[in-house]
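# One predicted model, sequence on top.
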Amino acid sequence: MLPIEWRTKAGLSQEHVAKCIGLAGLNPARTWSRYERGERQPRPDVIAAVEKLSRGKIKASSWADARAAHIEKSASAPAHAHAGAGRATREDVAP
């Protein structure tokens with residue numbers, strides 16, 4: 001099961017999960033969001049905390065699956081959807 005599937009089926013907010021597993025920083029919910037979308041990989045202590053919180057529904061392999069889904073989605077996205085889209089390049093600027 002993907003982390004995002006588990007969280008939404010459990011009816012939990014990103015903020016709640018982030019707080020329960022002890023994420024800190026300026027915006028823990030955003031960090032969690034990046035983890036569950038596969039944009040970033042959580043540290044081992046976070047993986048263990050989520051496995052405990054989810055009662056084993058989220059395992060270490062779940063994070064690899066989330067990452068694979070993110071990579072697949074990124075590869076199939078249109079060129080303008082990638083980071084940096086909309087920035088002018090030398091070719092865009094008239095001499």
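Perfect, thanks for sending it.

# so where's the protein shaky on pLDDT?
Along the chain, segments meeting pLDDT under 70 span 79-95.

# All the helices of it, residue numbers only.
3-10, 14-20, 28-36, 44-53, 60-76 (DSSP state H).

# winner for burial among these?
Mean neighbour count (mean count of other Cβ atoms under 10 Å) peaks for helix 28-36 among these, with a mean of 19. In this view, the C-beta of every residue, glycine as well, is placed from N, C-alpha and C.

# what does that helix contact?
Applying Cβ atoms under 8 Å, 6 or more residues apart in numbering, the contact partners of helix 28-36 are 2-4, 7, 13-15, 17-19, 21, 23, 25, 40-42, 46, 63, 66.

# Kindly recompute the last result at 7 Å.
Under the criterion Cβ atoms under 7 Å, 6 or more residues apart in numbering, residues 3-4, 7, 14-15, 17-19, 23, 25, 40, 42, 66 lie in contact with helix 28-36.

# Could you export those as JSON lines, including distance to residue 50?
Listed next are the contacts of helix 28-36 as JSON lines, based on distance: Cβ to Cβ, whole Å:
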{"residue": "3", "distance to residue 50": "7"}
{"residue": "4", "distance to residue 50": "12"}
{"residue": "7", "distance to residue 50": "9"}
{"residue": "14", "distance to residue 50": "12"}
{"residue": "15", "distance to residue 50": "15"}
{"residue": "17", "distance to residue 50": "8"}
{"residue": "18", "distance to residue 50": "10"}
{"residue": "19", "distance to residue 50": "13"}
{"residue": "23", "distance to residue 50": "10"}
{"residue": "25", "distance to residue 50": "17"}
{"residue": "40", "distance to residue 50": "13"}
{"residue": "42", "distance to residue 50": "7"}
{"residue": "66", "distance to residue 50": "11"}
